[in-house]
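Engineer: Pasted the sequence and its predicted model underneath.
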Amino acid sequence: MTRKIKNDHLIDQLVHDPLYQVCEDGSILTFKSGNGTIKNELRHIKLTRSNGYRGMRYKGVFILLHRIMYRKFVGQLSPSLVINHKDGVRDNNAVSNLELVTDSENTLHAHRELVRKEVKLFGTANPRSKFNVEEIRKIRNSYDSKIRSVSSLAIEYGVTSFTIRKIVKGITYKTDI
């Protein structure tokens with residue numbers, strides 16, 4: 001499928017605009033102030049996110065940072081190709097992480113490579129876990145030995161009684177002990 005990317009001409013203008021500096025680390029600097037006046041010193045542009053992708057406004061149009069980086073440091077963009085983030089991390093815009101691929105190659109990459117690498121982390125291995133292994137042991141031991149009730153443990157750990165019940169019954173944090 002060939003599609004015309006309506007803002008690729010703006011990307012070409014941006015990478016050659018003397019008021020902007022695109023850096024290899026993925027930052028963009030400008031001599032313009034927030035109100036558009038020209039200053040004597042460079043300032044960082046705040047890069048916003050759209051669906052996990054970083055980007056910026058240039059001449060009133062939102063432009064994705066990975067497209068800017070590819071154009072500046074690799075070469076021309078193609079309307080029939082898309083840019084793939086090899087590691088699947090949308091805001092990792094290191095040039096070595098970007099490649100031009102077809103839509104179907106991009107979709108296959110997402111399904112084959114990234115889904116396979118996606119490992120569901122449960123219990124204390126999950127970075128969003130509220131508990132560490134020692135706390136799980138303490139909760140289970142306190143409940144099993146009838147020292148503490150579910151509700152008092154819930155209050156102590158700042159979670160619901162339902163969460164504590166799932167821990168003591170082994171429904172959650174199964175493999176942690």
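Structural biologist: It's in. Because the structure is a prediction, the values reported are computed rather than measured.

Engineer: Which residue ranges of this protein form helices?
Structural biologist: Assigned by DSSP state H, the helices in the chain fall at 8-16, 65-73, 103-108, 115-117, 133-144, 150-157, 161-168.

Engineer: How about residues contacting the last one?
Structural biologist: What it means is helix 161-168. 130-131, 136, 139-140, 143-144, 150-151, 153-154, 157, 171-173 (CB atoms under 8 Å, 6 or more residues apart in numbering). Any C-beta I mention is one placed from the backbone N, CA and C, and that applies to glycine too.

Engineer: Spatially nearest residue to residue 55 (excluding sequence neighbours)?
Structural biologist: Nearest in space to residue 55, with sequence neighbours left out and distances taken as CB to CB, 6 or more residues apart in numbering, is residue 64 at 4.5 Å.

Engineer: What about residue 100, how many residues nearby?
Structural biologist: Applying other CB atoms under 10 Å, we find 17 residues neighbouring residue 100.

Engineer: repeat for residue 132
Structural biologist: 12.

Engineer: With residue 82 instead?
Structural biologist: Residue 82: 21 surrounding residues under other CB under 10 Å.

Engineer: cool, and residue 40?
Structural biologist: Around residue 40 there are 5 other residues, counting by other CB under 10 Å.

Engineer: residue contacts, it?
Structural biologist: With contact set as CB under 8 Å, 6+ apart, residue 40 has these partners: residue 31.

Engineer: pLDDT wise, what is it at?
Structural biologist: Residue 40 is assigned a pLDDT of 85 by the prediction.

Engineer: Over to residue 118?
Structural biologist: pLDDT at residue 118 comes out at 56.

Engineer: now do residue 49
Structural biologist: pLDDT, residue 49: 77.

Engineer: Residue 32 now?
Structural biologist: Looking at residue 32, its pLDDT is 87.

Engineer: can I see the domain layout of the chain?
Structural biologist: Using automatic domain parsing, the domains assigned to the chain come out as 8-117, 123-176.

Engineer: Tell me how far the first one lies from the chain's centre.
Structural biologist: Its chain's average C-alpha position is 14 Å from that of domain 8-117, according to CA atoms, centre = their mean, to the nearest Å.

Engineer: same question, the last one
Structural biologist: Domain 123-176 sits 30 Å away from the centroid of its parent chain (CA atoms, centre = their mean).

Engineer: Now do the same for it: mean pLDDT, whole number.
Structural biologist: For domain 123-176, mean pLDDT is 85.
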